[in-house]
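Student: fold the stuff below for me.
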Amino acid sequence: MLRTLITALLLLTLPGCTPATSEPDTRPWAEILSTDGLAATDASLSKADATAETAFVLGSVRFLRAIETIMQTRYANYSGSLPLIPGMRNQLPPNPDAIFDPSFLETAMIDALAHLALAETALGAAVDGEFSVDVNLKSIWFDVDANGERAEWETLLALMGDLGSEPVEGFDGVIRFDTADAEWMLAYVHVVSGMAELTLSLHPTPAIRTITEGRSALETFGPIEEFGLVDNDSVLDMVASVLLTLRGVPDATRTRTAHRHFQAMIIHNRSFWSEVVLETDNDREWLPNGQQTSAFGLEVDADTASAWQDVLGEINEILNGEKLVPYWRTQGDEANPVGVNIAKLMHDPGDMDIVLWIQGTAVAPYLETGPIADMEAWDRFVTMTRGDSLILAAWFN
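Tutor: Next comes the predicted model:
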């Protein structure tokens, strides 16, 4: 063994025996992004000079890679959609070569968290610096089918259109991002990380496997009925999987991590709004202040921005346990209102079985007397935004 190792080392020192090394890609990152995709752009920017601008682009690319890996895993396994899971809501073309794996959801979340952690690291330098960078959204695409080739249905704008967020007519694709937008992106990194951690805390794979195997057993006796509906997504199977997943106690380490991510989301979102309100330019804005115009045609006046700040404030109070969430079976009285302490629940979760939550046994350990969150801020936001509240909330994060 030692002789073999020494021989190999000597051979490596001979002319022509040095391992070939790939030449660095010197193309602009925007060109790499458009032609080769997110992974290649990540690799290139990782070797670039560290500036606030490159940190923002790198962090954003890594965030998008997290969404890409979720869609790739979903495409390879599952043709349906999961509305509450990032990267699994929009419609994707059917994959004739898909092979279902009950662990696909956990696999997607674990892989996404790896990219999100790197995104968080990269964005740290962006929020601490000053920058302005033009990004053409038409250049961004997700290699959903993992074949290395760009397809029209894989582009960011096509997928945004599926979610009802199409830009205005005539939009050339270019957005000018600046320092405030780094706070917005970091807030989104935290909210998606929190959702991924919550999903993993519930260990959904055993439930999905049980329901999948049960359906397969039923199919041996003939076609499956879906309440008389034509339903390729098997809604009943999905509901059963969710209810079965909720049984038992979540992983407290992951729920606590999710809680920290949601709290960080509030911090960075608030920082974004405090910075964007000071901007005086009006140049291809992503999220505008009251004196700016969005490239997507959605208006955000000062009152709307203020109302959203109130929504963030109430969410923050709920996350910190300063306000309680009402529970239908016991609400106390006017002098001593009773509600659920969400901070306590996420720090030390109990059985999430929906039957126990409806009946109240699982709720009792988290009930306290104190001020109740009435969601008045959210109601005011909905009224002000005239039907655009859900789109704006997703955009604002």
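
Student: residue 315 is in contact with residue 267, isn't it?
Tutor: No - using Cβ atoms under 8 Å, residue 315 makes no contact with residue 267, being 11.8 Å away. Just so you know, the C-beta spots here come from the backbone N, C-alpha and C atoms, and that holds for glycine as well.

Student: out of those two, which sits in the more crowded spot?
Tutor: Just comparing residue 315 and residue 267: by other Cβ atoms under 10 Å the higher neighbour count belongs to residue 315, 21 against 15.

Student: distance of the more buried one from residue 60?
Tutor: Going from residue 315 to residue 60 by Cβ to Cβ, to the nearest Å gives 24 Å.

Student: likewise residue 244?
Tutor: Applying Cβ to Cβ, the value for residue 244 to residue 60 is 37 Å.

Student: more neighbours, the two?
Tutor: Between residue 244 and residue 60, counting by other Cβ under 10 Å, residue 60 is the more crowded of the two (27 against 17).

Student: which SSE is the more buried one in?
Tutor: Assessed by DSSP states H and E, residue 60 sits inside helix 52-77.

Student: next SSE after that helix?
Tutor: Sequence-wise, the next helix or strand downstream of helix 52-77 (DSSP H and E) is helix 104-127.

Student: which helices and strands does that next one pack with?
Tutor: If you count contacts as 3 or more Cβ pairs under 8 Å, 6 or more residues apart in numbering; DSSP states H and E, helix 104-127 packs onto helix 52-77, helix 179-201, helix 205-219.

Student: would you mind listing the outside residues contacting the shortest one?
Tutor: Residues from elsewhere that reach helix 205-219, judged by Cβ atoms under 8 Å, 6 or more residues apart in numbering: 100, 102-103, 105-106, 224, 234, 237, 240-242, 244-245, 247.

Student: could you pull out the strands for the stretch 151-300 of the chain?
Tutor: Using DSSP state E, counting those that start in this stretch, the strands of the stretch 151-300 of the chain run over 174-178.

Student: any stretches of it with poor pLDDT?
Tutor: Residues of the stretch 151-300 of the chain meeting the criterion pLDDT under 70: 162-170, 226-233, 297-298.

Student: sorry, back to before: farthest-apart pair in the contacts of helix 205-219, please.
Tutor: 106 and 224 (25.3 Å; Cβ to Cβ).

Student: tell me the contacts of the closest residue in space to residue 265 that isn't next to it in sequence?
Tutor: Nearest non-adjacent residue to residue 265, counting by Cβ to Cβ, 6 or more residues apart in numbering: residue 190, 4.1 Å away. Counting by Cβ under 8 Å, 6+ apart, residue 190 makes contact with 120, 261-262, 264-265, 268.

Student: put the buried members of those residues into a PyMOL selection.
Tutor: Selection of buried members from the contacts of residue 190 for PyMOL, criterion 16 or more other Cβ atoms under 10 Å:
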select buried, resi 120+261+262+264+265+268
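
Student: just to revisit the earlier point, wait, which of the helices and strands packed on helix 104-127 is closest to residue 345?
Tutor: Among those, helix 179-201 comes nearest to residue 345, with 11.5 Å by Cβ to Cβ.

Student: now do the closest one against helix 52-77, angle only.
Tutor: Relative orientation of helix 179-201 versus helix 52-77 (axes from the mean of the first three to the mean of the last three Cα atoms, to 10 degrees): 30 degrees.
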